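S.K.: Predicted model and sequence below, questions to follow.
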Amino acid sequence: MKHSSLIKPVLDGEYPMISHGKGVYLYDTDEKEYLDAASGAVTANIGHGVEEIATAMVEQAKQVSFVYRSQFTSEAAEALASKIAAMTDDRYTWSFFVNSGSEATETALKIAIQHWQEKGKPKKNRIISRWMSYHGITLGALSMSGHPLRRERFTAILESYPAVSPPYCYRCPYNLEETSCGLACAADLESAIRRIGPDNVAAFIAEPVIGAAGAAIAPPDGYFPEIKRICEKYEVLFIADEVMTGFGRTGKMLACDHWGVEPDIITFGKGMSGGYTPIAAAVMTDKVIEPILNGSKSIMGGHTFSANPQSCAVSLAVLEYLEKNGIFEKAATAGVYLRNLLDKLASRYSFIGDVRGKGLLIGIEFVKDQKAKEPFPAGIDITNKIIGLAADNGLLLYPAAAGLDGVTGAAIIISPPLSINKREIEELIRRLKNTFSQFAETLL
Ligand code: PLP
């Protein structure tokens, strides 16, 4: 090969080339059909090839595609900010638009630090995060991420942020039972804040449902209300990283809405455009922005393409599509249907340890021994073996880390477009069943 776009992380073997997509299906240039049960990277929330998004794209391009954010705002950017405010019941009235989830979490980090600086508390600059978390691949975002495989090459230049245990009930870090644990994992945040000193802590960041670093780990119901209580007690901002979960992935607009918890800052990405354009955001409440408005009046952040009108118009069209088609409600219903079928399927295979998640963000953790929850031996890449077999069966799955050390576990995420219908879910299950049966044969 004389040239390559270098997009594939593993530079060996054949790499299928995509031709087009429609709904939940993608087609490669050999006309092979894939049911996209991963939505790419949990992104293609309204499915592929939606014509009205292409129309919005063209209309905006005719109007204006680019202005520099320090010179102009645009109708598209303002309309998108208004839409997000309306979709969050006017709780998040301030949006800072960037281009990727990593930039969004870095922006949230910087806004949190700036918030305290402008309140005259410059020492409040540490961010607490959890092991088994993923907040992005750029260095600030990776510093906050408890994802050993993605950190290990760069640890020398990362901050050592992750400090707190995850609410991983399948393998409780404290060996406790969910019914009687007293939420020891949430209490761990309080210990960390006290250890570091509340005067030094700007914010706590967490994914409402842990994605890539844990395969759809949803916490016990009391967890986030307790986290919010602790954050308020010690004047620590709570940042919810909803890059993966926001805009309906878990069956509600925000995953935090499941627990009635209101973060101070939320990050969005992925589903915010459904993959139709690169765009992400850090959005915040009045309380967060006030000291900045009363102080320097300028957020120290942003990129050349921040609030790009083209991207804002496309994102707006996607959000309107979500509302117009009642996609959040559909995702909630589809999530229950898919989960029931997955639970039934799981009971047939000894290598399935846990099925978990919320809405259409569902994780499956694989084990060698169900009872002992023993992982497969190191060196056998079970996750990629299953993902490879699934692709052969025309089914796309998303890999995830699992295990308390974030390394020894094997897991996948199933996260089809939120628009998936009953018939397509049944087709997904058929292809998954073939995949699991073929994998079971390799274990004999
Ligand atoms: N935050 C979460 C929760 C994510 O799942 C991801 C990506 O998987 C990111 C941040 C980083 O987003 P991006 O890959 O768009 O930089």
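M.R.: Arrived safely, thanks for sending. Numbering: from 1, shown residues only.
S.K.: where does the stretch 1-150 of the chain come near the ligand, residue by residue?
M.R.: For the stretch 1-150 of the chain, the contact set with the ligand under CB under 6 Å from any ligand atom comprises 41, 100-102, 105, 134-137. Every residue, glycine included, has its C-beta placed from N, CA and C.
S.K.: So which of those residues wins on neighbours?
M.R.: Counting neighbours by other CB atoms under 10 Å, the top entry in these is residue 135, with 34 neighbours.
S.K.: Look at residue 9 and report its pLDDT.
M.R.: We have a pLDDT of 58 for residue 9.
S.K.: Would you agree residue 281 falls within a helix?
M.R.: No: counting by DSSP: H, G, I helix; E, B strand; the rest coil, residue 281 falls outside a helix, being strand.
S.K.: who does it bridge with?
M.R.: Per DSSP bridges, the residues bridged to residue 281 are residue 97, residue 268.
S.K.: Wait, it touches residue 95, no?
M.R.: Yes: using CB atoms under 8 Å, residue 281 is in contact with residue 95, at 5.0 Å.
S.K.: Looking at the two, which one has more neighbours?
M.R.: Using other CB under 10 Å, the more surrounded residue of residue 281 and residue 95 is residue 281, with 32 against 22.
S.K.: Quickly note the distance from the more buried one to residue 375.
M.R.: 37 Å (CB to CB, to the nearest Å).
S.K.: Among the residues of the stretch 1-150 of the chain next to the ligand, which one lies nearest to the ligand?
M.R.: residue 101 (2.2 Å; CB to the nearest ligand atom).
S.K.: so what pLDDT did the closest one get?
M.R.: pLDDT, residue 101: 98.
S.K.: before we move on, what about the one 4 residues further on?
M.R.: Residue 105 is assigned a pLDDT of 98 by the prediction.
S.K.: ok, now residue 2?
M.R.: For residue 2, pLDDT reads 57.
S.K.: Would you mind listing the buried residues in stretch 255-275?
M.R.: 255-259, 261-275 (16 or more other CB atoms under 10 Å).
S.K.: and the ligand, which of the residues you listed contact it?
M.R.: Applying CB under 6 Å from any ligand atom to those, those adjacent to the ligand are residue 269.
S.K.: re the thing from before, now the residues of the stretch 1-150 of the chain next to the ligand in TSV, with secondary structure?
M.R.: Below are those laid out as TSV (three-state DSSP):
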residue	secondary structure
41	helix
100	coil
101	helix
102	helix
105	helix
134	coil
135	coil
136	coil
137	coil
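S.K.: Now for the chain, the helix or strand with the poorest mean pLDDT.
M.R.: Within the chain, no helix or strand scores below strand 162-164, which has a mean of 89 by mean pLDDT, DSSP states H and E.
S.K.: How about the contacts made by residue 226?
M.R.: 183, 186-187 (CB atoms under 8 Å, 6 or more residues apart in numbering).
S.K.: can we see that at 10 Å?
M.R.: Residue 226 is in contact with 182-183, 185-187, 189-190, 219-220, 259, 261, counting by CB atoms under 10 Å, 6 or more residues apart in numbering.
S.K.: cool, residue 48 as well?
M.R.: Taking CB under 10 Å, 6+ apart, we find residue 48 in contact with 18, 20-27, 36, 39-40, 274-276, 417, 419.
S.K.: Let me see the backbone angles for it.
M.R.: Residue 48 has phi and psi values of phi -100, psi 150 when expressed as degrees, to the nearest 10.
S.K.: how close does it get to the ligand?
M.R.: 18 Å (CB to the nearest ligand atom, to the nearest Å).
S.K.: separation between that residue and residue 335?
M.R.: 20 Å.
S.K.: Same check on residue 329?
M.R.: 11 Å.
S.K.: Neighbours of residue 86, how many?
M.R.: Counted with other CB under 10 Å, residue 86 comes out at 13.
S.K.: I meant residue 59, not that one.
M.R.: By other CB under 10 Å, 11 other residues sit near residue 59.
S.K.: Helix or strand: which one has it?
M.R.: Applying DSSP states H and E as the criterion places residue 59 in helix 51-63.
S.K.: thinking residue 315 is in contact with residue 273, fair?
M.R.: Yes: counting by CB atoms under 10 Å, residue 273 is a contact partner of residue 315 at 4.5 Å.
S.K.: Common neighbours of those two, please.
M.R.: By CB under 10 Å, 6+ apart, the residues touching both residue 315 and residue 273 are 53, 247, 279-280.
S.K.: still on that earlier bit, going through the contacts of residue 48, which ones are buried?
M.R.: Here, 16+ other CB under 10 Å leaves 21, 23-27, 36, 39-40, 274-276, 417, 419 buried among the contacts of residue 48.
S.K.: measure the closest residue to residue 323 other than its chain neighbours to residue 95 for me?
M.R.: Leaving aside its sequence neighbours, residue 323 sits nearest to residue 87 (CB to CB, 6 or more residues apart in numbering; 7.5 Å). Between residue 87 and residue 95 the computed distance is 11 Å (CB to CB).
S.K.: coming back round to it: may I ask which two of the contacts of residue 226 are separated the most?
M.R.: Spatial extent of the contacts of residue 226 (CB to CB) is set by the pair 182 and 261 at 18.8 Å.
S.K.: Three-state assignment for residue 354, please.
M.R.: Residue 354 ends up strand, using three-state DSSP.
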